[in-house]
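Colleague: Just the structure for this:
(chains A and B)
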Amino acid sequence: MAVRVLMPKGSDTMTEGKVLKWLKQEGDKVSSGDAVVEIETDKVDMEVETTGVGVLRKILVQVGQVVPVGQLLGVIGKPDEDIEALIKSGAVAPAPAAHQADEPKASPASPPPTPTKPVAPPPAAPQPVAVSAPSAPAPQAQGHAETSKAAPAHSTTAKETDRAPWTSPQAGGGRVLASPLARRIAKDKGLDLSEISGSGPGGRIIRQDVDRAMVAIPSAFPSGDGGHSAAPARPAYVPGGPEFQDEPLSSMRKIIATRLTQSLGPVPHFYLTIEVDMRRAMELRQSANNLNPELKLTYNDIILKACAAALRARPDANASFNGESIRTHNRVHIGIAVPVDGGGLITPVIQDCDQKSLEQVSREAKDLVARARSRKLAPNEYTGATFSVSNLGMMGIDQFSAIINPPEGAILAVGAVVEKPVVAEHRIEIGHRCRMTLSCDHRVIDGAIGAKFLQTLQSILENPVYLAF
Amino acid sequence: MPIITYREALNQAMREEMRRDERVFLMGEEVGYYQGAYKISKGLLDEFGAQRVLDTPITELGFTGLGVGAAIAGLRPIVEMMTFNFALLAIDQIVNSAAKMLYMSGGQCRVPIVIRGPGGAGHQLGAQHSQALESWFCHVPGLKVVSPSTPADAKGLLKSSVRDDNTVIFMESEVLYGTKGEVPEGENLIPLGVAEIKRPGKHVTVIAHSKMVLVALDAAQQLEKEGIEVEVVDPRTLRPLDTETILSSVKKTNHAVIVEEGWPYCGVGAQMADTIQLHAFDYLDAPILRVTGADVPMPYAKNLEHLCLPDKTRVMDAVHRVLNRK
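Modeller: Numbers count the residues shown, from 1 in each chain, chains lettered A, B, ... in the order given. Reported below is the predicted structural model:
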């Protein structure tokens, strides 16, 4: 009896396939288990085996043609058998997935033990599907178990080497692999699993991955509600400890990196601006300088220190794009953009700025800036920043956007503190406001991360007593 | 607290129960004049006489049936199998009579019988005499299955088994008979169906019974040096299973490894894994792993026998894998 050769469904995502090569030609002898045609799916090349016995009677789809899953590719049968009805009936058949190909669905090759109406008849030609059933030879009709084992015409076997992607649990159309525990914790904490990369077997997200992701979204300085926790989200750097963590890029992160780079150049910038009430920072500066006129504390010193504290609280803003991973820095080294005498620009670095007192930061900044201007920095004094601050406020600039100094992930552009009318408690009064713009490398820092960092920075500058702790 | 052997603990349990209740009697091959093939019944014939310590012919099906009848008639027999390998000959009496009589008689006939003896693999006894058959009995509704790992558990659980009104399959371990441990003096009953945490830990739960408890503890000790804290849970009774203790441990550690000496296919660990996945699914951070005997008849050759049985290294390896280390 005649048997159809169909385009198999080689994977969940496969909708069509291409005939690469006919391994048998019309008229060639075929035995059960023979591979008759090689096809290309969206994932692999594979051979289609048959359970038919006889000769390859008809090739219906030529090499190179792409046809939908379930399309009749050819017919196998006895040399003198009438296959016209089969060819007509099998134009488009339901296509079971390749790995389920042993289900005896509606295939004339394996009729049910009793004559019955066809299961799931092909919509195109419902009538004569079981046409050849009555003539089924004994060996192929020994009963249900036998027929279901003797697979229909589209029994398939992938080449061994190509098998892996089919059986991989990741092949399920982008399902995120996560342990049940990780899934539950992520749900409880409102984390999106697709943004977490898994370190378990096969990339499975396990508990520690979720825990890490939670650390990256610190609860200190929740947005807008004025709550201030002094506890840093990530413990301060301990000498001798790791200087950074490298987290492999998630597939989404890779796409963001690629797309944004294509759009805007190697470092895809975006800009966020926030206005900070500098009244208390001014008071701080005033009081500190009253106590110690020698100190000459500047707004910039306060901003540097506040940036360092904010980065400690928001470690995901203290990060670099590192090719195949995102590097989150455990140390906070802040670069200061300094114009050099005679032209040019250099960024001396205050190392471990978060660990130093405001006074130390102020002294160090003064020293570095002075020597930077006169080009007297040692190389280690202008390298290794994890974040930079550029301040053009003293030059009367209200607001501007700075360009990131790779591989840093962000730079803060600080404008002048200006007096302006502000509304406070339904009254207009004179405020002292400073506009700050954060340039972010979108491959590393998304809008929300940048915004949260700015909120935290604003919160610290508006309550600078925080810096005393 | 006195330190005695597992063997001695079982002897004490039988002696105490026979003194306490004159309906209790012991029968089996060589239990009387020879004092037991493994000397578990040492001294019992002298103390209780041939009426209560009966030497039987080599007819497991016959004398187990005798025990079932005696139990129905109101006695409380302890039937010793020289080893559980021979209990296979009595499986019809155990499965079809002992386990089902209460049900089929509409609650009229209780079968309070303890069928006990050594099981487990080792000692180069070959395929027919070196195997762990727990799951054969655990499979059957109507049977309780007990498998103690320490002398204290052996004594406390055997005493409870003798007093239980159901058929109890009490599976000892040939390899454990000589092991020693503290056993409380006096009456110390351990209830059936209650597990014990043999070692507390927080990173991974290792469930093991009988001899495998020692293997698990050994592995746990080694893993401690790597900073891995293993919680070793000994169910002690395999049916009914103390799911509460197992589940609360797994919910704490989020990782489970099940160690058993028997074959993997339909083994008792398979049942435990099912229980865990069903009731603690959202607490699992990794698939449950099993360390089992190899899925083959036990080879006679010593090196091959060794390869077939779970050992410290394999348990450690499973713990590393379940914790995603290495």
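
Colleague: Closest residue of the stretch 201-350 of chain A to chain B?
Modeller: Here the residue of the stretch 201-350 of chain A nearest chain B is A:Arg207; by CB to the nearest CB that distance is 4.6 Å. All C-beta spots, glycine's among them, are computed from the backbone N, C-alpha and C.

Colleague: how deep is that residue tucked in, by neighbour count?
Modeller: By other CB atoms under 10 Å in any protein chain shown, 22 other residues sit near A:Arg207.

Colleague: The residue nearest to it when sequence neighbours are not counted: what secondary structure?
Modeller: Spatial nearest neighbour of A:Arg207, chain neighbours left out: B:Asp285 (4.6 Å); criterion: CB to CB, 6 or more residues apart in numbering or on different chains. Using DSSP: H, G, I helix; E, B strand; the rest coil, the structure places B:Asp285 in coil.

Colleague: Let me see the contact set for B:Asp285.
Modeller: A:179-182, A:206-207, B:254-255 (CB atoms under 8 Å, 6 or more residues apart in numbering or on different chains).

Colleague: how does it look with 7 Å?
Modeller: A:179, A:181-182, A:206-207, B:254-255 (CB atoms under 7 Å, 6 or more residues apart in numbering or on different chains).

Colleague: Which ones among those residues lie within helices?
Modeller: A:181-182, A:207 (DSSP state H).

Colleague: Save those as a markdown table, and put in distance to A:Arg253 and pLDDT too.
Modeller: Below are the ones in helices among the contacts of B:Asp285 laid out as a markdown table (distance: CB to CB, whole Å; pLDDT from 0 to 100):
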| residue | distance to A:Arg253 | pLDDT |
| --- | --- | --- |
| A:Leu181 | 24 | 93 |
| A:Ala182 | 19 | 92 |
| A:Arg207 | 21 | 89 |
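
Colleague: could those go into JSON lines alongside distance to B:Leu217?
Modeller: As requested, the ones in helices among the contacts of B:Asp285 are exported to JSON lines (distance: CB to CB, whole Å):
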{"residue": "A:Leu181", "distance to B:Leu217": "26"}
{"residue": "A:Ala182", "distance to B:Leu217": "30"}
{"residue": "A:Arg207", "distance to B:Leu217": "26"}
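
Colleague: Would you mind giving the domain segments of chain B?
Modeller: Following automatic domain parsing, chain B resolves into domains at B:3-182, B:196-322.

Colleague: How far off centre is the helix or strand hosting B:Glu244?
Modeller: Assigned by DSSP states H and E, B:Glu244 belongs to helix B:243-253. Taking CA atoms, centre = their mean, to the nearest Å, one finds the center of helix B:243-253 at 21 Å from the center of the full chain.

Colleague: Go through it and flag the buried ones.
Modeller: B:243, B:245-251, B:253 (16 or more other CB atoms under 10 Å in any protein chain shown).

Colleague: Does chain A have contacts with that helix?
Modeller: No - in terms of CB under 7 Å from any CB of the partner chain, no part of helix B:243-253 sits within range of chain A; the closest distance is 9.5 Å.

Colleague: Which secondary structure elements does that helix sit against?
Modeller: Judged by 3 or more CB pairs under 7 Å, 6 or more residues apart in numbering or on different chains; DSSP states H and E, helix B:243-253 is in contact with strand B:204-208, strand B:230-234, helix B:268-279.

Colleague: after the first one, next one along is what?
Modeller: Tracing the chain C-terminally past strand B:204-208 and defining elements by DSSP H and E, one meets helix B:211-224 next.

Colleague: what's the residue of the stretch 351-469 of chain A found nearest chain B in contact with, if anything?
Modeller: The stretch 351-469 of chain A approaches chain B most closely through A:Val444 (26.5 Å), counting by CB to the nearest CB. A:Val444 makes contact with A:319-321, A:326, A:409, according to CB under 7 Å, 6+ apart.

Colleague: And A:Lys376, by the same measure?
Modeller: Here A:Lys376 is in contact with no residue (CB under 7 Å, 6+ apart).

Colleague: Could you tell me the model confidence score at the most far-flung residue of chain A relative to its centre?
Modeller: No residue in chain A sits farther from the centre than A:Asp80, which is 58.1 Å out by CA atoms, centre = their mean. Predicted confidence (pLDDT) for A:Asp80: 84.

Colleague: Spit out the contact partners of B:Leu189.
Modeller: B:Leu189 neighbours (CB under 7 Å, 6+ apart): B:156, B:159-160.

Colleague: Which one (most neighbours) among those residues?
Modeller: B:Ser160 (24 neighbours).

Colleague: Helix or strand: which one has that residue?
Modeller: Judged by DSSP H and E, B:Ser160 forms part of helix B:151-163.

Colleague: so what does that helix touch, helix or strand wise?
Modeller: Helix B:151-163 packs on helix B:6-20, strand B:167-173, strand B:180-182, going by 3+ CB pairs under 7 Å, 6+ apart.
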